[in-house]
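Trainee: pasting the sequence and the predicted model now:
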Amino acid sequence: MMDIYITEEAAEKLGNKLTDGKHIKLYYDTEGCGCGVNGIPLLWITGEVAPDDVKIETNAMPVYVEKSHMLFYADKLTISASGANYYRLSSPGEILNGRMNVVIRP
């Protein structure tokens with residue numbers, strides 16, 4: 001099972017964006033990347049949860065991940081703040097996205 005840790009600073013910044021029943025989704029964006037195995041992780045703030053989204057309980061707040069995209073991630077992930085408006089997604093072995101955007105979705 002996937003284990004996601006959110007640093008205190010990242011949790012505070014993300015928590016400020018969670019209004020009106022919104023959720024955090026770790027989304028694997030493949031648009032414009034050539035094929036389905038090439039993509040970049042993004043954070044979505046969204047009010048909708050898809051039927052195939054898996055709810056991952058973290059130390060700070062739940063994060064949803066599309067079940068079919070879980071294979072692109074390590075079992076242990078960390079979301080940390082990276083500058084004023086970005087986040088970093090890392091695993092023990094690599095940085096998956098050092099300047100991860102937050103996309104506000106309906």
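Mentor: Yes, it's here. Numbers count the residues shown, from 1 in each chain.

Trainee: center of the protein - which residue?
Mentor: residue 26 (2.7 Å; Cα atoms, centre = their mean).

Trainee: would you map the helices across this protein?
Mentor: For the chain, the helices defined by DSSP state H cover 8-15.

Trainee: ok, the residue nearest to the centre of the chain - contacts?
Mentor: 4, 41, 42, 43, 44, 63, 64, 65, 73, 77, 79, 89 (Cβ atoms under 8 Å, 6 or more residues apart in numbering). C-beta here means a position set from N, CA and C on the backbone, and glycine is covered the same way.

Trainee: among the residues you listed, name the buried ones.
Mentor: 4, 41, 42, 43, 44, 63, 64, 65, 73, 77, 79, 89 (16 or more other Cβ atoms under 10 Å).

Trainee: just give me the closest of the residues you listed to residue 53.
Mentor: The shortest approach to residue 53 among those belongs to residue 64, at 4.3 Å (Cβ to Cβ).

Trainee: contacting residues for that closest one?
Mentor: 23, 24, 25, 26, 49, 53, 54, 55, 56.

Trainee: let's go with 10 Å and repeat that
Mentor: 23-27, 44, 46, 48-50, 53-56 (Cβ atoms under 10 Å, 6 or more residues apart in numbering).

Trainee: what's the closest non-adjacent residue to residue 46?
Mentor: Nearest residue to residue 46, sequence neighbours excluded (Cβ to Cβ, 6 or more residues apart in numbering): residue 105, at 4.0 Å.

Trainee: list only buried entries from the contacts of residue 64.
Mentor: Applying 16+ other Cβ under 10 Å to these flags 23, 24, 25, 26, 27, 44, 46, 53, 54, 56 as buried.
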